[in-house]
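Undergrad: Give me the fold of what follows.
(2 chains)
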Amino acid sequence: MGFLDILYFIVPITISYAAPLIFTAIGGVFSERSGVVNIGLEGLMVMGAFIGILFNLTFAGTFGAWTPWLALLAAMIVSAIFSIMHAVASITFRADQVVSGVAINMLGIAVALFTVKLIFGKGQTDFIQRSIPRFNVPFLEDIPFIGPMFFKGIYGSSILAVLVALLAWFVIYKMPFGLRLRSVGEHPLAADTMGINVTKIRYIAVIISGGLAGIGGAIYSQTMTNDFGHATINGQGFMALAAMIFGKWHPIGAMGAALFFGFAQALAISAPSIEFLKNVPTVYLHILPYVLTILALAGFIGRATAPKASGQPYIKGQR
Amino acid sequence: MSNRVINLLVPVISIILGLIVGAIVMIFSGYDPVTAYIALWNGIFGDAYAIGETIRQISPYILAGLAVAFAFRAGLFNIGVEGQLIVGWFAAAYVGSAFDLPKIIHLPFALIAAALAGALWGLVPGILKAALRVHEVIVTIMMNYIALHVVNALIKTVSGSYKTEKIHETASLRSEFLSNITDYSTLHYGILVALAMVGVMWFLLDKTKTGYELKSVGFNEHASQYAGMNVNRNIVLSMVISGAFAGLAGSMEALGTFGYLANLGGFTGIGFDGIAVALLGANTPLGVIFGASLFGSLKYGAGNMPNEAGVPTEIVSIIIALIIFFVASGYIIRVILNRVNKKKGAK
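TA: Model prediction:
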């Protein structure tokens, strides 16, 4: 394979892997920017992946070609509702946010598998017939070099992911809500003094993160695996968490990091068929995202600093 | 009610709430919670074999719980127990199969290798926290995945197949005596190692200067610094010891239960359940025994539920997650208990 062929082969896989990570990582950005650590992204993604497949299997006959898109919507709603549990625990009940996130992760996979066994009587669901379709973008696909790489056989959900990243940047940096969100995460006492409802903003942020992680999970299950079992998500949520940190809690940065981690995953699965990567043990590619995240946190690749109040419950009247 | 009583009541209420919500979930799913809980009970205490297997399951839970609790006491949250456990499992399985030594050297050597591997995996986040103030939660999560992939690659390199060779008899924790009295279960001497480590943690924390410093750093870093303690050294030390406990938890599986390590498709879950164990046990050595007994029993007994009551085992994972959730939300339980208290006082 020539170098260009490799690119034509790898870039689409990269983007397919990155799309779910982008959604989930941006969900993480919303939550952490408001000061609520969300380790539960993995569990929320699992829930989204499960609901996506379940909806798709149930309603494929009713909605036809619209099914996978409506499944994303259903996954968003269910995961958003599920994330309220994390919000109540960590905002109102002042629970340790990391512990609550761990509980969400355990609960997500347990509830999903319990329901799968209840409905299907076995460990995984049937395969869906209507996965998210690939299509060619008219006109853009004819651009030499770029066209075949980015605009041929692309999932609609990948384009959606880029749009959501841009939208998230606009919301967080150009709208009043975004300013409130960031102030609540940096200095909730000051924000409260200025009349911002800290609790309300944090609730909204966590619920947004739940909804986005749900969409991320449903995209993953409807493009990559096409069924749901115990190993469907298997760490994608934590990788999204890593992408959020590597992207320095910024939506566009998170998108870039998600693309890079998608690239690492794409390389790991396609290395055996690429000439000069054949002899590189895939383990290096598998651990690359995690090692890079540690290095980024340690300050070797530009220092990554969390929002100041992240992880602390806001207690009114406490200095 | 005194504070002490309330501290005891919070976990108890959480367990009861968890079981109640679990029952409600089962009713809504069309299962009979009474049959399900009876099946769970029989799975744990039904016969000598079940009891033996339950105790076997409790041993790694004790060690995983100690690992989380020890780091917690020094103010650190070690989510990386899972990864430290995996590298410990591999180290013990490797040492157990690659060397030919008399039992009196081989078994301790394999245990120490597991502890060292876990300690090494804890050292990285410890140093990063101490030297660069990098938050240990994220680093340990990343270290979990690095452990998973690295160990899977190592299994392939070392043995050439999907699992390591079986450990030699000289490194085994298996015990004919324990197995015989429990109707040929896989119960092994690991439980003694686990209980010994509970003693070690208690002694270390409550009877030594190092333990005093670790706890002091956990309470207030700045005050400890001002009092002349070396905060950074204590942070690294607590992560290393915590990792060693976790590594030993892995050796339970390598030297006792399985005798080898097969390619891991995902995490074992023991490390994450260790968080639940430590949380329920309020991070004390004795509390960890209690928490490990509860969660280890639930986890093993769950295996009996599909056969006897037709309920999927996942219901137990749901209940465990709910218990963590309720313990973590202890603040609200305390508030309610205090209100009830005041009303009683007013009358």
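
Undergrad: Next, count neighbours for residue B:195.
TA: Number of residues near residue B:195 (other Cβ atoms under 10 Å in any protein chain shown) recorded here: 15. Heads up, the C-betas are built off the backbone N, CA and C, glycines and all.

Undergrad: With the one 5 residues further on instead?
TA: Using other Cβ under 10 Å, the number of residues around residue B:200 comes to 16.

Undergrad: Tell me the confidence at it?
TA: Listed pLDDT for residue B:200 reads 95.

Undergrad: Helix or strand: which one has it?
TA: Assigned by DSSP states H and E, residue B:200 belongs to helix B:190-207.

Undergrad: Give me the buried stretch members for that helix, please.
TA: For helix B:190-207, a neighbour-count test (16 or more other Cβ atoms under 10 Å in any protein chain shown) marks B:190, B:191, B:193, B:194, B:197, B:198, B:200, B:201, B:202, B:204, B:205 as buried.

Undergrad: I'd like those residues written out as CSV, with distance to residue A:32 added.
TA: Listed next are the buried residues of helix B:190-207 as CSV, based on distance: Cβ to Cβ, whole Å:
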residue, distance to residue A:32
B:190, 40
B:191, 41
B:193, 40
B:194, 37
B:197, 36
B:198, 37
B:200, 37
B:201, 33
B:202, 37
B:204, 35
B:205, 33
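
Undergrad: and residue B:133, backbone torsions?
TA: phi 60, psi 30 (degrees, to the nearest 10).

Undergrad: burial of it, as a residue count?
TA: Residue B:133 has 12 neighbouring residues, counting by other Cβ under 10 Å.

Undergrad: residues in contact with it?
TA: Listed by Cβ atoms under 8 Å, 6 or more residues apart in numbering or on different chains, residue B:133 has no contact partners.

Undergrad: outside of whatever helix or strand comes next after the helix holding residue B:200, which residues touch it?
TA: Moving toward the C-terminus from helix B:190-207, the next helix or strand (DSSP H and E) is helix B:209-219. With contact meaning Cβ under 8 Å, 6+ apart, helix B:209-219 is reached by B:72-76, B:203-205, B:223-224, B:227, B:229, B:231, B:234-235, B:237-238.

Undergrad: Which strands or helices does the very next helix or strand once past helix B:209-219 pack on?
TA: Elements were assigned by DSSP H and E; along the chain past helix B:209-219, the next helix or strand is helix B:221-226. On a contact count with 3 or more Cβ pairs under 8 Å, 6 or more residues apart in numbering or on different chains; DSSP states H and E, helix B:221-226 meets helix B:209-219, helix B:231-251.

Undergrad: Show the average pLDDT along helix B:221-226.
TA: For helix B:221-226, the per-residue pLDDT averages 90.

Undergrad: Could you pull out the buried residues of that helix?
TA: Within helix B:221-226, the residues that qualify as buried are B:221, B:224, counting by 16+ other Cβ under 10 Å.

Undergrad: And for stretch A:77-88?
TA: A:78, A:79, A:80, A:82, A:83, A:85, A:86, A:87, A:88.

Undergrad: mind putting those residues in a markdown table, distance to residue A:138 included?
TA: Listed next are those as a markdown table, based on distance: Cβ to Cβ, whole Å:
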| residue | distance to residue A:138 |
| --- | --- |
| A:78 | 34 |
| A:79 | 33 |
| A:80 | 34 |
| A:82 | 38 |
| A:83 | 37 |
| A:85 | 44 |
| A:86 | 42 |
| A:87 | 42 |
| A:88 | 47 |
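
Undergrad: May I ask which two of these are separated the most?
TA: Within the buried residues of stretch A:77-88, A:78 and A:88 form the most distant pair, 16.5 Å apart (Cβ to Cβ).

Undergrad: just to revisit the earlier point, can you tell me which of the buried residues of stretch A:77-88 are in helices?
TA: A:78, A:79, A:80, A:82, A:83, A:85, A:86, A:87 (DSSP state H).

Undergrad: Let's have the buried residues of stretch A:77-88 in CSV, adding pLDDT and distance to chain B.
TA: Putting those into CSV (pLDDT from 0 to 100; distance: Cβ to the nearest Cβ, whole Å) gives the following:
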residue, pLDDT, distance to chain B
A:78, 97, 16
A:79, 97, 16
A:80, 97, 18
A:82, 96, 12
A:83, 96, 13
A:85, 95, 7
A:86, 95, 9
A:87, 95, 12
A:88, 94, 8
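
Undergrad: residues contacting residue 101?
TA: This is for chain A. A:37, A:38, A:39, A:40, A:41, A:43, A:86, A:90.

Undergrad: think we crossed wires, I meant chain B
TA: B:109, B:170.

Undergrad: Residues contacting the helix or strand of chain A with the lowest mean pLDDT, please?
TA: Of all helical and strand segments in chain A, the minimum by mean pLDDT, DSSP states H and E falls on helix A:146-150, at a mean of 77. Residues outside helix A:146-150 that contact it (Cβ under 8 Å, 6+ apart) are A:7, A:8, A:11, A:12, A:15, A:140, A:141.

Undergrad: ok so, going back, need the contacts of residue A:101 in CSV (columns: secondary structure).
TA: Listed next are the contacts of residue A:101 as CSV, based on DSSP: H, G, I helix; E, B strand; the rest coil:
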residue, secondary structure
A:37, coil
A:38, coil
A:39, coil
A:40, coil
A:41, helix
A:43, helix
A:86, helix
A:90, helix
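
Undergrad: quick check, nearest of those residues to residue A:119?
TA: For the contacts of residue A:101, the nearest to residue A:119 is residue A:43 (19.6 Å; Cβ to Cβ).

Undergrad: element containing the spatially closest residue to that closest one that is not a sequence neighbour?
TA: In space, and not counting its chain neighbours, residue A:43 is closest to residue A:108: 2.8 Å by Cβ to Cβ, 6 or more residues apart in numbering or on different chains. If you go by DSSP H and E, residue A:108 is part of helix A:97-120.

Undergrad: same thing with residue B:300?
TA: Per DSSP H and E, residue B:300 falls inside helix B:285-301.

Undergrad: That helix and chain A, any residue contact?
TA: No - with Cβ under 8 Å from any Cβ of the partner chain as the criterion, chain A is not reached by helix B:285-301; the gap is at least 11.3 Å.

Undergrad: angle of that helix against helix B:231-251?
TA: For helix B:285-301 against helix B:231-251, the angle by axes from the mean of the first three to the mean of the last three Cα atoms, to 10 degrees is 30 degrees.
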